[in-house]
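> Give me a 3D structure for the following:
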Amino acid sequence: MPKQIILGIDPGFARTGWGVIEVAGCKQRVLNYGCIETKAGMEFSDRLEILHNDLLRIIKKYQPDFVGIEQLFFCKNVTTALNVGQARGVVLLTLKLAKIAFMEFTPLQIKQAICGYGKADKSQIQKMVKTIFNLKQIPKPDDAADALAVAFCAAGCCKLLRLQK
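Below is the predicted model:
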């Protein structure tokens, strides 16, 4: 059974969560996860550059076959929404330049895939990520757990696409 490497991304400008899983048939395992963090007070363009460069390093190290990225959800703070949107733009451009296929998922789709319930809260998602991937502890910070949930959702989507062929 061929193995597939999937990268999940939970985008942000202060912290972008990422999670890499390996899928072989019905088996999935976590290869690594973490966050790309930038400091408040830095020039915003410098923060975006760090995001691009760090994401590129992750891509080069793990060479994912497919990437899942969380879509921007409704945000009450317009400035935050715009900044997260710009960070997502950097992520999408980085993936495009690296010639990696990607798919975007809404928070509702991700929650449905990982918990079976589209309105699951953060703690439910974290517990399911721990359980599904048989981890000893819940991945920290939250953004990394969210990124693994995105990767899980993307893995399910990849399986459906293969079945349709």
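
> Low-confidence bits of this structure, can you list those?
Judged against pLDDT under 70, the low-scoring parts of the chain cover residues 1, 73-77, 158-165.

> give me that answer again for 80
1, 72-81, 157-165 (pLDDT under 80).

> Give the buried residues for stretch 128-139.
Along stretch 128-139, the positions that meet the burial threshold by neighbour count (16 or more other CB atoms under 10 Å) are Met128, Val129, Lys130, Ile132, Phe133, Ile138, Pro139. Placement of C-beta: from N, CA and C, glycine included.

> could you measure the first one against Ala120, distance?
By that I understand Met128. From Met128 over to Ala120 the distance is 8 Å, taken as CB to CB, to the nearest Å.

> Overlap in contacts, these two.
Residues touching both Met128 and Ala120 (CB atoms under 8 Å, 6 or more residues apart in numbering): Ile114.

> Secondary structure element holding Lys130?
Taking DSSP states H and E as the definition, one finds Lys130 inside helix 122-132.

> for that helix, packing partners?
In this structure, helix 122-132 packs against helix 107-115, helix 142-164, with contacts taken as 3 or more CB pairs under 8 Å, 6 or more residues apart in numbering; DSSP states H and E.

> Compare those helices and report which one is nearest to Leu95.
Distance to Leu95, taken as CB to CB, is lowest for helix 142-164 among the helices and strands packed on helix 122-132, at 12.2 Å.

> before we move on, back to that, roughly how far is the helix holding Lys130 from the heart of the chain?
Using CA atoms, centre = their mean, to the nearest Å, we find the averaged C-alpha position of helix 122-132 to lie 15 Å away from the chain's own average C-alpha position.

> before we move on, what about stretch 110-118?
15 Å.

> Spatially, what comes nearest to Asn134 if we skip its sequence neighbours?
Arg29 (8.0 Å; CB to CB, 6 or more residues apart in numbering).

> Assess the claim that the one you found and Ile6 are in contact.
No - when contacts are counted by CB atoms under 8 Å, Arg29 is not listed as touching Ile6 (11.1 Å).

> Can you say which helix or strand has Lys96 in it?
For Lys96, the host element (DSSP H and E) is helix 78-97.

> which phi and psi does Pro64 have?
Note on Pro64: backbone dihedrals following degrees, to the nearest 10 are phi -60, psi 150.

> Quick one: residues in contact with stretch 26-34.
In contact with stretch 26-34 (CB under 8 Å, 6+ apart) are residues 5, 17-22, 62, 132-135, 139, 144-145, 147-148, 152, 155.
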